[in-house]
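In: please find the sequence and the predicted model below.
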Amino acid sequence: MKNFTKFVCLVVTMCMLTKGVFAFPKLNSLPAATATIYLDFDGHYVNCAYWNGGMPIACASSTLTSTQVTEIFNRVAEDYRPFNVNITTDSTKFLAAPLTQRIRVIVTPTSAWKPNVGGVAYIGSFTWGDDTPAFVFTDRLGPNNSKFIAECLSHESGHTVGLSHQSRYDNTCNLTETYHTGLGSGETSWAPIMGNSYGKNMTGWNDGPTPYGCANTQDNLSIITSTNGFGYRTDDYQDQMNSSAFTPNSTSFSINGIITTSTDKDIFRFNISTLSNIHIDALPYGVGANNIGADLDVKILMYDEAQVLVKTFDPTNTMGVTIDTTLKPGIYYFVLDGTGNVNASNYGSLGSYSFSGFRSALPIHDVSLSGTVSKNKHQLSWNIISDEPVRSVEVEVSNDGSNFNAVNTVGATSRNFSYTTFDNAIKYYRVKATSVIDQVVYSNVIALRSNEKETQAFTISTFVTQQLSVQAAENFQYKLLDLNGRTLAVGRGNKGYNIIDMSNKVSGSYVIQLFGITQKQSERFIKQ
């Protein structure tokens, strides 16, 4: 805590004569902002009553490379991306900022005066108005580990804007970690910035307990934006689904945006005039591959013109979203949002992102599917409108309307298919059409329910060309015979739809014997 008696802290740039010292890159995250957090890598002379017992500190320049400084800056800038504050490495920006809206964080290997810590700062010193600095000690962080230095910079500057540490407690309110070390591993691992975030990829501001008790929670975002003279950045894209929503270019687009709060949603409107393939990549900002250093876990919800949710894209094992889909003519809204995951809530899932992609009209204009029920048989029929020849048609079935499996590949000119079910549950169907230039279009989805159960355990196709289809109520073994009783093949099949290759068999009549767990059955069929 700061003493009530005020002293002016003298911070003077040193004249550095050490061989090899060079100018670090001058970087700014939001140069138009008044509030400023200065990452000082250059080395400084500090004379301040609050540090080192009032004795001067000659802080040496960091021994980091320009590449390391840039990475460190980018990591810290992303942590502060939601706010109207400039993260800078330029001393002139710091000196131009008001005294009560700036802080200098000195990045230095000069640490002997403050043992056993990676950095140090006074809580709330951002607004003190006397340039009391904070410190990050590079020799104790790796040493010179860019990730560690960046985490420490965000942590110590977090103290200066009013934040205490964030801790972890067990279910009975016993303190287990003074510095919360986070959860999970890999890309979606998470830790609070004001805890110990060195070992996790996704780090962020948090609303959680402090070392002062499990009920003593600290809302980081509210404190930062209400006590330092700055708030959130201005929202960049509207969150209403209407004609004024941002509409990307008709064929390709590349957009950058920021999710600033847990309620912020960026909405993009697509007007599709013809059946089109669409590819979208929505990626959080990171400093490397696999979203390294990202703070934002992206989720996208797709709505139709009536604002009915069509699909949610929210992968569990990655922070970005990739979409490959086919859209029929109409208006669609893609709602980009920050989301939580198994390790983190959506509270601190904030930051910048890129939203890019392309779309192309398809030669297959439409695939429309319909169906009827006759006892236990589902009769499917479809129509295809296309400028290009269709190479293949595949019928797919699902038990839940989301996860589809192929049940048969029919001829390119086929327009109907019969499917036998063995229960009265609802089955969902769709048709996948592939053109000769490898463009894929899916039909609408239909739902059919049988009004009778199939009494036989197995149903086969009577006339076959290349493949014999077997619909089975249970797992089975089979034996393929010719009309003289000679065994031609044996094998196994699973409950559901099965294919047996007949491409190497001559035309003629055959017998298949099917042996299930509870039933056996013999069927005769003709290979054309």
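Out: Done, it's in.
In: show me what contacts A134?
Out: Under the criterion of Cβ atoms under 8 Å, 6 or more residues apart in numbering, the contact partners of A134 comprise 103-106, 119-122, 125, 156-157, 159-160. Where C-beta positions appear, they are placed from N, C-alpha and C, glycine not excepted.
In: need those in TSV with neighbour count, can you?
Out: Supplementary listing: those in TSV, determined by neighbours: other Cβ atoms under 10 Å:
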residue	neighbour count
I103	27
R104	24
V105	24
I106	25
G119	24
V120	17
A121	22
Y122	19
S125	23
E156	23
S157	28
H159	21
T160	24
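In: helices - which of those residues land there?
Out: The subset of the contacts of A134 located in helices under the criterion DSSP state H comprises E156, S157, H159, T160.
In: my guess is N74 contacts G293. True?
Out: Yes - the criterion here is Cβ atoms under 8 Å, and N74 meets it with G293 at 7.3 Å.
In: before we move on, back to that, which one among the contacts of A134 gets closest to C173?
Out: Of all the contacts of A134, C173 sits closest to H159, with 24.7 Å by Cβ to Cβ.
In: pretty sure that closest one contacts T132?
Out: No - under the criterion of Cβ under 8 Å, H159 makes no contact with T132, lying 11.5 Å away.
In: now do the shared contacts for these two.
Out: Common neighbours of H159 and T132, using Cβ under 8 Å, 6+ apart, are Y122, S125.
In: which stretch of helix or strand covers N86?
Out: N86 belongs to strand 85-88 when assigned by DSSP states H and E.
In: who are the packing partners of whichever helix or strand F358 is part of?
Out: Assigned by DSSP H and E, F358 belongs to strand 351-361. Applying 3 or more Cβ pairs under 8 Å, 6 or more residues apart in numbering; DSSP states H and E, we find strand 351-361 packed against strand 252-259, strand 265-272, strand 276-284, strand 330-338.
In: what about stretch 424-442, start to end distance?
Out: Using Cα to Cα, to the nearest Å, one end of stretch 424-442 lies 26 Å from the other.
In: let me know how buried N504 is, in neighbour terms.
Out: A total of 8 residues lie near N504 under the criterion other Cβ atoms under 10 Å.
In: sorry, that was for S244
Out: S244 sits with 10 neighbouring residues when counted by other Cβ under 10 Å.
In: pLDDT score for the nearest residue to it once chain neighbours are set aside?
Out: Take S244 and drop its neighbours on the chain: the residue closest to it by Cβ to Cβ, 6 or more residues apart in numbering is Q238, 6.6 Å away. pLDDT recorded at Q238 is 91.
In: so which strand or helix has Q238?
Out: Using DSSP H and E, no helix or strand contains Q238.
In: need the contact list for it.
Out: For Q238, counting by Cβ under 8 Å, 6+ apart, the contacting residues are S244, A245, F246, D266, I267.
In: quick one: pLDDT of the second one?
Out: The reference is to A245. pLDDT, A245: 95.
In: now do the contacts for the closest residue to it other than its chain neighbours.
Out: Ranked by Cβ to Cβ, 6+ apart and with sequence neighbours excluded, the top spatial neighbour of A245 is R269, at 4.0 Å. Counting by Cβ under 8 Å, 6+ apart, R269 touches M241, S243, A245, F246, T247, I331, Y332, Y333.
In: just the closest of those to Y232, please.
Out: Proximity of the contacts of R269 to Y232 (Cβ to Cβ) peaks at F246, which lies at 19.3 Å.
In: show me what that closest one is bridged to.
Out: Taking DSSP bridges as the rule, F246 bridges to F268.
In: just checking, it touches F270?
Out: No - when contacts are counted by Cβ under 8 Å, F246 is not listed as touching F270 (10.3 Å).
In: name the residue in these two with the higher neighbour count.
Out: F270 (21 against 15).
In: list the contacts for that one?
Out: Residues near F270 by Cβ under 8 Å, 6+ apart: T247, P248, I278, L327, I331, Y332, Y333, F334, R359.
In: try 10 Å this time
Out: Residues near F270 by Cβ atoms under 10 Å, 6 or more residues apart in numbering: 245, 247-248, 250, 253, 276, 278, 280, 302, 327, 330-334, 357, 359.
In: what of T434?
Out: T434 makes contacts with I364, V390, R391, S392, V393, E394, T409, A412, V440, V441, as judged by Cβ under 10 Å, 6+ apart.
In: of the residues you listed, closest to I512?
Out: Ranked by distance to I512 (Cβ to Cβ), those are led by T409 at 20.0 Å.
In: quick one: the closest one from F417, how far?
Out: Computed as Cβ to Cβ, to the nearest Å, the T409 to F417 distance reads 10 Å.
In: comparing those two, which residue is more hemmed in?
Out: Counted by other Cβ under 10 Å, T409 and F417 do not tie: F417 has more neighbours, with 19 against 16.
In: so what's the residue count around N271?
Out: Per other Cβ under 10 Å, the neighbour tally for N271 reads 13.
In: which residue, other than its chain neighbours, is closest to it?
Out: Of all residues not flanking N271 in the chain, I331 sits nearest, at 5.5 Å (Cβ to Cβ, 6+ apart).
In: hmm, V310 and that neighbour touching each other?
Out: No - using Cβ atoms under 10 Å as the test, I331 is too far from V310 to be in contact (11.7 Å).
In: one step back: pull up the overlap in contacts between N74 and G293.
Out: With Cβ under 10 Å, 6+ apart, N74 and G293 have common neighbours S146, A150, Y285, G286, V287.
In: for this structure, just list every one of the helices.
Out: Remark: helices assigned in the chain by DSSP H are 66-79, 91-96, 146-160, 220-226.
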